[in-house]
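Peer 1: pasted the sequence and its predicted model underneath.
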Amino acid sequence: MVRAFAVALALLLAGLPLAGGAEDLSSRRDYSDPAQRDLPIACKQGDIEKFPGKSLGGVFGADWPAQLVASDEGAHSPATVVKRGPMRWPRGMDPQHSFTVVAVLIDASGKPLRAEILCTTRLGFDAAVKRHAMASTYAPAQVDGKPITSALVTVVSFRTREPNFMPKTRNR
């Protein structure tokens, strides 16, 4: 029983579904496909949602131009992270793990234009995650071999270095 619970907890933390079908989460969508643009943002149950009921197209609005439709199925590919930017623990935050889902609008040259937090497990990490996303390097999405402006949704995990962190005190 304890082992089954531990496995289920590990799957949930890894973002994997517990049974049968895959969850339709924003972090698993290919936004180089124009059909994904207007779907409602989908966070994991229990996450703090920053844009409830909105689509990613609605979040980025006019900053995200209309996309090309691929001539053949599979003739599009999503933007990808080439190199992750630095991660800095937010000053004053206690050492507990946090998962944050961030959407980055990436232009046709691979330059990040804007980052928006979609979902998070804890408050207080938004600015750090946005800085990390904007400092990362990307390869742009492509449709029929042509680079396009598109969104990339990714999960950023902040983990403490010391799993059993205890504030240190000194005896005098």
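Peer 2: Everything's here; your move. Fair warning: this is a prediction, and the values are worked out from it, not measured in the lab.
Peer 1: middle-most residue in the chain, spatially?
Peer 2: The centre of the chain sits closest to residue 154, judged by Cα atoms, centre = their mean, with a distance of 2.5 Å.
Peer 1: mind listing the residues bridging to it?
Peer 2: Taking DSSP bridges as the rule, residue 154 bridges to residue 102.
Peer 1: I figured residue 25 was touching residue 42, is that so?
Peer 2: Yes - at 5.0 Å, residue 25 counts as touching residue 42 under the criterion of Cβ atoms under 8 Å. Just so you know, the C-beta spots here come from the backbone N, C-alpha and C atoms, and that holds for glycine as well.
Peer 1: let me see the ranges of the strands in the protein.
Peer 2: With DSSP state E as the criterion, the chain has strands at 48-49, 76-77, 80-83, 98-106, 112-120, 137-139, 141-143, 146-148, 150-158.
Peer 1: rewinding a little: what separation do you get for the residue nearest to the centre of the chain and residue 119?
Peer 2: Distance, residue 154 to residue 119, by Cβ to Cβ, to the nearest Å: 12 Å.
Peer 1: got it, and residue 37?
Peer 2: Counting by Cβ to Cβ - residue 37 and residue 119 are separated by 18 Å.
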